[in-house]
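> Quick one, fold the following:
(one chain, ligands or ions: 1)
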Amino acid sequence: MQMNVKPIPTLDPRINEIRTLTAQIVNREILPNERKLWAGWRDGATSEDRRAARELREGIKQKVKQAGLWAPHLPPDYGGSGLNFLEHAYMNEVLAYSVGAASLFGVVAPNSGNQQILLKYGTEEQKKKWLVPLTEGKMESGFSMTEPDSAGSDPRSIKTTARREGDQWVINGHKWFTSNGFRADFLIVMCRTEGVGADNGRMTQIIVPKDTPGLKIVRGVEVWGRPSDHCEIVYDDVRVPLTNALGRAGSGHQAAQDRLGAGRIYHCMNSIGQMWRAFDLMVERAMMREVHGGKLESKQFIQGFIADSYIDIQSARLMTIHCAEKMEGGGDPRTDISAIKIFVPAAYERVVDRAIQVWGAAGVSGDLPLAGMFTGARTLRIADGPDEVHKILIAKNILARYHNGESWDFGN
Ligand SMILES: Cc1cc2nc3c(=O)[nH]c(=O)nc-3n(C[C@H](O)[C@H](O)[C@H](O)COP(=O)(O)OP(=O)(O)OC[C@H]3O[C@@H](n4cnc5c(N)ncnc54)[C@H](O)[C@@H]3O)c2cc1C
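The predicted model follows:
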C-alpha cells in the first residue's frame with residue numbers, strides 16, 4: 001500500500017510541496033524496494049545482496065538530491081537543503097513511513113545531531129576538520145554521554161572528567177550506549193570540567209578522535225537480544241588539545257539541551273509516520289483476512305483496534321504539530337516537548353501492538369516492519385529522557401505558573 005499524502009489546505013505551499021516530493025520518493029522508489037534495500041543487514045546475506053542493496057540506495061540518494069531534499073537539517077553551504085524547522089518536521093512524518101528511509105535522505109543519527117551541534121558551537125577550524133567530512137560522508141561520529149555508573153536521566157550526575165593540563169584536556173571516564181561507536185571516527189564526549197556555579201554549568205562537550213591513545217571500546221552492548229553498535233567505552237587518560245572543546249567550557253549542558261529540543265519534535269514526527277504505516281498495514285490485513293466465517297474487519301474487536309489507533313494517531317499528530325508551531329512562533333515549548341516525548345512513543349507502541357495482533361504470527365516476523373517498530377517504540381520511552389523525568393518537568397512548569405498567580409492557557 002502507498003502512503004496517501006495530499007496537500008493540506010491550511011499549510012504553507014512550500015511545506016505541501018516538500019511533503020508531496022517526499023511522498024513521491026517514498027512511494028515510487030523506497031516502498032517497492034524495501035526488502036532489497038536493507039537485505040545486506042539480514043542474517044545470511046551474500047556479498048551480491050549487499051552490493052545490489054548499496055547500488056539501490058545510492059540511486060535513491062541521487063533522486064533525493066535532485067528533488068532538493070538531501071540533508072534537510074543542514075544549510076546549503078554544507079551540502080544540505082536548508083529546510084526550516086517546520087518544513088523539516090512535516091517532511092519527517094512522510095519519510096518515516098518507511099523505516100530506515102531517513103538515511104536515504106541524509107539524516108543518520110547520531111551524525112545528524114552532531115552535525116547540528118558542530119554547526120552551532122564549532123569554530124571555523126572545527127567545522128573544517130570534523131563537520132565537512134561528516135557531511136560529505138567521509139567520516140562517522142558518535143555522542144558519548146550516558147554512563148553505566150550514573151543516571152543518564154540526571155545529567156548532573158555525570159562522572160567522566162576532563163581536566164586541563166598545559167594545552168590539553170585529560171579525559172577519564174566510563175560511558176556506554178554510545179551509538180555508532182564502532183564506525184565512528186570521532187566522538188563528542190560529555191565531560192565534567194572544573195568551574196564555578198551549578199553542576200549544569202560545569203559540563204563541556206569535547207571532540208575526541210577515536211584513535212586517541214587511552215580510548216578503548218569494550219564492546220557493543222546487545223540490544224533487544226541482538227548485537228549492536230551502541231558501545232561501551234573506557235576513556236583512560238585520553239589527551240586531546242584544549243581547542244577540541246565545543247563552545248566555551250561549561251556550555252556542554254546547554255548544547256545537549258539544544259540537541260534534544262528540536263530533535264524530540266523531529267523524533268515524534270518520525271514516530272507518527274511509522275504509526276501511519278502500521279495503521280495502513282493493520283487496516284489492509286483486516287480487510288483481507290478471513291476468520292470464523294467473516295473478514296476480520298467485520299469483528300467488533302478489530303473495529304475497536306482501528307478506532308483506538310485512529311484516535312491515538314490523530315492526538316499524537318496534533319499534539320506534536322501544536323508543539324512545533326509553538327516552537328516556531330517563539331513561544332516556550334518546554335512543557336509541550338515533554339508532553340509529546342511521553343505521549344507519542346506510548347501511542348506509537350499501542351498502535352503497533354494492535355497491528356501486530358491483527359497480523360498474528362506474521363506481525364512478529366521479519367516479513368513486516370512491525371517487530372522493529374515495536375522495539376523502537378519501546379526504546380523511545382527511555383532514550384532522550386525517560387517518561388518519569390518528563391512528567392516531573394511538566395508538573396514543575398505547570399505548578400510554577402499557578403504559584404505565580406496565573407493558570408494554564410491551553411489555547412497557547
Ligand atoms: C538504543 C539506545 C541508544 C542510545 N544512544 C545513546 C547515545 O548515542 N549516546 C548517549 O550518550 N546515550 C545514548 N542512550 C542512552 C539514553 O540516553 C539513556 O538510556 C537515557 O538517558 C536514560 O538513562 P539511563 O539508562 O542511565 O537510565 P536511568 O537514568 O538510570 O533511569 C532509569 C529509570 O529510572 C526512572 N527514573 C529516573 N529518574 C527518575 C525520577 N526522578 N523519578 C522517578 N523515576 C525516575 C525512569 O523510569 C528511568 O527509565 C541510548 C539508549 C538506548 C536504549
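> Could you use CA atoms for every contact and neighbour count after this?
Noted.
> which one in the protein is furthest away from the centre?
Going by CA atoms, centre = their mean, the residue of the chain most distant from its centre is residue 293, 43.4 Å out.
> separation between it and the ligand?
With the distance defined as CA to the nearest ligand atom, to the nearest Å, residue 293 ends up 43 Å from the ligand.
> can you list the residues of the protein near the ligand?
Contact residues, the chain versus the ligand (CA under 6 Å from any ligand atom): 143-146, 151-153, 177-179, 379, 382-386, 388-389.
> coming back round to it: gap between the residue farthest from the centre of the chain and residue 299?
Taking CA to CA, to the nearest Å as the measure, residue 293 falls 10 Å from residue 299.
> Okay, now the unreliable bits of the stretch 151-300 of the chain?
Along the stretch 151-300 of the chain, the parts satisfying pLDDT under 70 run over 195-200, 259.
> What are the phi and psi values at the closest residue to the ligand within the stretch 201-350 of the chain?
Nearest to the ligand, among the residues of the stretch 201-350 of the chain, is residue 230, at 6.2 Å (CA to the nearest ligand atom). Residue 230 has phi and psi values of phi -80, psi 100 when expressed as degrees, to the nearest 10.
> Also the one 4 residues further on?
In this entry, residue 234 is assigned phi and psi values of phi -110, psi 130 (degrees, to the nearest 10).
> isn't it right up against residue 171?
No. Judged on CA atoms under 8 Å, residue 234 makes no contact with residue 171 at a distance of 9.9 Å.
> which one of the two has more residues nearby?
residue 171 (25 against 19; other CA atoms under 10 Å).
> would you list every one of the helices in the stretch 151-300 of the chain?
Assigned by DSSP state H, counting those that start in this stretch, the helices in the stretch 151-300 of the chain fall at 252-288, 300-328.
> In CSV: those, plus mean neighbour count.
Putting the helices of the stretch 151-300 of the chain into CSV (neighbours: other CA atoms under 10 Å) gives the following:
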stretch, mean neighbour count
helix 252-288, 21
helix 300-328, 18
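> Let's have those in TSV, adding distance to residue 126.
Listed next are the helices of the stretch 151-300 of the chain as TSV, based on distance: least, CA to CA, whole Å:
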stretch	distance to residue 126
helix 252-288	16
helix 300-328	29
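> right, so of the ones you listed, which gets closest to residue 410?
Set against residue 410 and scored by CA to CA, those come closest in helix 300-328, at 10.6 Å.
> Just list what the next helix-or-strand element following that closest one packs against, helices and strands only.
Next in sequence after helix 300-328, counting helices and strands by DSSP states H and E, comes helix 334-359. Under the contact definition 3 or more CA pairs under 8 Å, 6 or more residues apart in numbering; DSSP states H and E, helix 334-359 sits against helix 252-288, helix 300-328, helix 370-380, helix 387-403.
> Could you list the buried residues of helix 334-359?
Using 16 or more other CA atoms under 10 Å as the test for burial, helix 334-359 gives 334-356, 358-359.
> re the thing from before, number of residues surrounding the residue of the stretch 201-350 of the chain closest to the ligand?
20.
> Residue ranges of each domain in this protein, please.
By the assignment in automatic domain parsing, the chain contains the domains 13-107, 141-250, 254-403.
> Nearest to residue 135, out of those domains?
domain 13-107 (6.7 Å).
> so for the closest one, what's the average pLDDT?
For domain 13-107, mean pLDDT is 94.
> just stretch 311-324 next, same as before
For stretch 311-324, the mean pLDDT works out to 97.
> what sits up against that stretch?
For stretch 311-324, contacts defined as CA atoms under 8 Å, 6 or more residues apart in numbering pick out 86, 89, 265, 268-269, 272, 275-276, 333, 336-337, 340, 343-344, 347-348, 351.
> cool, and stretch 127-139?
Counting by CA under 8 Å, 6+ apart, 78-79, 111, 115, 118-119, 140-141, 184-185 sit against stretch 127-139.
> again with stretch 340-348
264-265, 268, 271-272, 274-275, 312-313, 316, 319-320, 323, 377-378, 380-381, 386-387, 390-391.
> just to revisit the earlier point, can you tell me which residues contact the residue of the stretch 201-350 of the chain closest to the ligand?
Neighbouring residues of residue 230 by CA under 8 Å, 6+ apart: 176-181, 220-222.
> re earlier: so how do I select the buried members of the residues of the chain next to the ligand in PyMOL?
Typed into PyMOL, the line below selects the buried ones among the residues of the chain next to the ligand, using 16+ other CA under 10 Å:
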select buried, resi 143+144+145+146+152+153+177+178+179+379+382+384+385+386
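> and the residues of the chain next to the ligand, which of them are in strands?
When DSSP state E is applied, the residues of the chain next to the ligand are split such that 143-144, 177-178 fall in strands.
> okay, among the residues you listed, which ones form the most distant pair?
Farthest-apart pair in those is 143 and 177; separation 9.0 Å (CA to CA).
> ok so, going back, apart from its chain neighbours, what residue comes closest to the residue of the stretch 201-350 of the chain closest to the ligand?
Nearest non-adjacent residue to residue 230, counting by CA to CA, 6 or more residues apart in numbering: residue 179, 4.0 Å away.
> before we move on, back to that, save the contacts of residue 230 as JSON lines, and put in distance to residue 2 too.
Listed next are these as JSON lines, based on distance: CA to CA, whole Å:
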{"residue": "176", "distance to residue 2": "39"}
{"residue": "177", "distance to residue 2": "35"}
{"residue": "178", "distance to residue 2": "35"}
{"residue": "179", "distance to residue 2": "32"}
{"residue": "180", "distance to residue 2": "31"}
{"residue": "181", "distance to residue 2": "35"}
{"residue": "220", "distance to residue 2": "36"}
{"residue": "221", "distance to residue 2": "36"}
{"residue": "222", "distance to residue 2": "34"}
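> Closest one of those residues to residue 58?
Nearest to residue 58 among these is residue 180, at 20.7 Å by CA to CA.
> tell me the contacts of the nearest residue to that closest one once chain neighbours are set aside?
In space, and not counting its chain neighbours, residue 180 is closest to residue 229: 5.2 Å by CA to CA, 6+ apart. Contact analysis of residue 229 by CA under 8 Å, 6+ apart lists 178-182, 220-221.
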